[in-house]
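Student: Coordinates for the following, if possible.
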Amino acid sequence: MKSPLGKMRYALALLFIMLAANFLAAQTIRDNHAAPGEKMVPNGDGTAAVAAGPTGQAVVTGNGINYNGGPVLKGNPVPVYIIWYGNWNGTGSNTQATINLIETFLGANALGGSGYERINTTYGDTTGNVSGNLLFTKEVRDTGSQGTRLRNSRISAAISAQLTSGALPTDPNGVYIFATSSDVKESGFCTQFCGFHTHQTLNGQDIKWAFIGNTDQCPSGCEIQATGPNSPSAGVGGADGMINVITHETEETITDPDLNAWFDSAGQEDADKCNFKFGPTQTAANGARFNQTFGGHNWMIQMEWENSRGGGCDQTLGGPFFTN
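Tutor: Numbering: from 1, shown residues only. Okay, the predicted model is just below:
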């Protein structure tokens, strides 16, 4: 997710990307204060649509976001794989309860196929549109094969190990979530971004993966509220905070998997354009705010940019647009 930047800052960021060996797209923290050049944008010219919308599909240009020619993920559903990295048998939000909640959120009869997820159906490529459905498919645990201080190359190594061993399938049409517990530090997490997604050739295939850290490391930067609607106790909002980031990164990975499909002239992908914008909310019994209810739970997840009706942030396909 990205917040507005000045022309000079954007120019420096673009230069950084041109020089980088590996590209990623990051969800920035709520109050972006990173130094110039530290934010990356999708790989592409980022200036205007360079191809028409898919023939016979609902996707059109001119809704505040541009199609840059790359593919989208069209699986029905798109499989989601999770690597739980670090100590998930700990305290606070580093628990099995967090794992269960997130897997429920990504499971059947929850996010996948919801009116919210169907916003993604307004995006496509030259062969078809996104299905608007995803599904948690398989998980593995890694208690710390690459240590507790990570950089991108170590995350790649950890994911690659799961693929080459066969613990997870090598699926170029899926989304891999690398979720870390609070004791794991990743360069840039909490200071520059709350999560990011990228793609790499791993085990011979183009693998799309996203980094999601436990947001209890930095509630003021990466959580909309310290106590979420599913928090086990006051101030333990990591699961709800992670779910919001997961929503952001999965939406973008599906609509811009290779960082060359859907983003606007400022490099913002569909979820970036609604970063930490939630629309109308309700109040749960524990005092937390929420704006979605499905899968037997209340959720507080940011809106997404709908690529139709002129474009805007909404909570469900075809719903009203909101600016915050």
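
Student: Poorly predicted segments of the protein, please.
Tutor: For the chain, the stretches with pLDDT under 70 are 1-24, 29-60.

Student: mind listing the helices for it?
Tutor: In the chain, the helices defined using DSSP state H lie at 7-19, 96-105, 152-164, 219-222, 238-255.

Student: Would you mind getting the angle between the longest one and helix 96-105?
Tutor: Between helix 238-255 and helix 96-105, the angle comes out at 30 degrees (axes from the mean of the first three to the mean of the last three Cα atoms, to 10 degrees).

Student: pretty sure Phe193 is touching Ala25, no?
Tutor: No. Checked against Cβ atoms under 8 Å, the pair Phe193 and Ala25 is beyond contact range at 9.5 Å. C-beta: built from backbone N, CA, C; applies to glycine.

Student: These two - which one has more neighbours?
Tutor: Per other Cβ atoms under 10 Å, whichever of Phe193 and Ala25 has more neighbours is Ala25, with 30 against 27.

Student: partners of the more buried one in the sheet?
Tutor: Assessed by DSSP bridges, Ala25 has beta-bridge partners His197.

Student: Surely it touches Leu259?
Tutor: Yes. The criterion here is Cβ under 8 Å, and Ala25 meets it with Leu259 at 6.0 Å.

Student: Contacts only, for Thr281.
Tutor: Arg289, Phe290, Asn291, Met300 (Cβ atoms under 8 Å, 6 or more residues apart in numbering).

Student: Ala285 too?
Tutor: Residues near Ala285 by Cβ under 8 Å, 6+ apart: none.

Student: And it, how far from Phe294?
Tutor: Ala285 is 18 Å from Phe294, where distance means Cβ to Cβ, to the nearest Å.

Student: try Ile246
Tutor: Remark: distance between Ile246 and Phe294 (Cβ to Cβ) = 15 Å.

Student: picking up where we left off before, of the contacts of Thr281, which pair is most distant in space?
Tutor: Arg289 and Asn291 (7.2 Å; Cβ to Cβ).

Student: overlap in contacts of these two?
Tutor: Common neighbours of Arg289 and Asn291 (Cβ under 8 Å, 6+ apart) are Phe278, Thr281, Gln282, Met300.

Student: Show me how to select, in ChimeraX, the buried members of the residues you listed.
Tutor: Buried subset of those, written as a ChimeraX selection, criterion 16 or more other Cβ atoms under 10 Å:
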select :278,281,300
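
Student: Return the member of the shared contacts of Arg289 and Asn291 nearest to Leu150.
Tutor: Met300 (27.1 Å).

Student: follow-up on the earlier one: going through the contacts of Thr281, which ones are buried?
Tutor: In those, burial by neighbour count holds for Arg289, Phe290, Asn291, Met300, counting by 16+ other Cβ under 10 Å.

Student: can I get the helices of the chain in JSON lines with mean neighbour count and distance to Leu111?
Tutor: Formatted as JSON lines, the helices of the chain follow (neighbours: other Cβ atoms under 10 Å; distance: least, Cβ to Cβ, whole Å):
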{"stretch": "helix 7-19", "mean neighbour count": "14", "distance to Leu111": "30"}
{"stretch": "helix 96-105", "mean neighbour count": "18", "distance to Leu111": "6"}
{"stretch": "helix 152-164", "mean neighbour count": "17", "distance to Leu111": "22"}
{"stretch": "helix 219-222", "mean neighbour count": "19", "distance to Leu111": "19"}
{"stretch": "helix 238-255", "mean neighbour count": "27", "distance to Leu111": "7"}
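
Student: Nearest the middle, which residue of this protein would you pick?
Tutor: Glu249 (0.7 Å; Cα atoms, centre = their mean).

Student: distance of it from Val80?
Tutor: 11 Å.

Student: do the same with Cys218
Tutor: To Val80, Cys218 is 24 Å away according to Cβ to Cβ.

Student: Of those two, which one has the most company?
Tutor: Neighbours were counted for Cys218 and for Val80 using other Cβ under 10 Å; Val80 has more, 25 against 18.

Student: Show the contacting residues for the residue lying closest to the residue nearest to the centre of the chain once chain neighbours are set aside.
Tutor: Of all residues not flanking Glu249 in the chain, Ala210 sits nearest, at 4.0 Å (Cβ to Cβ, 6 or more residues apart in numbering). Counting by Cβ under 8 Å, 6+ apart, Ala210 makes contact with Val175, Tyr176, Ile177, Phe178, Gly195, Phe196, His197, Thr198, Ile246, Glu249, Thr250, Thr253.

Student: Cheers, nothing more for now.
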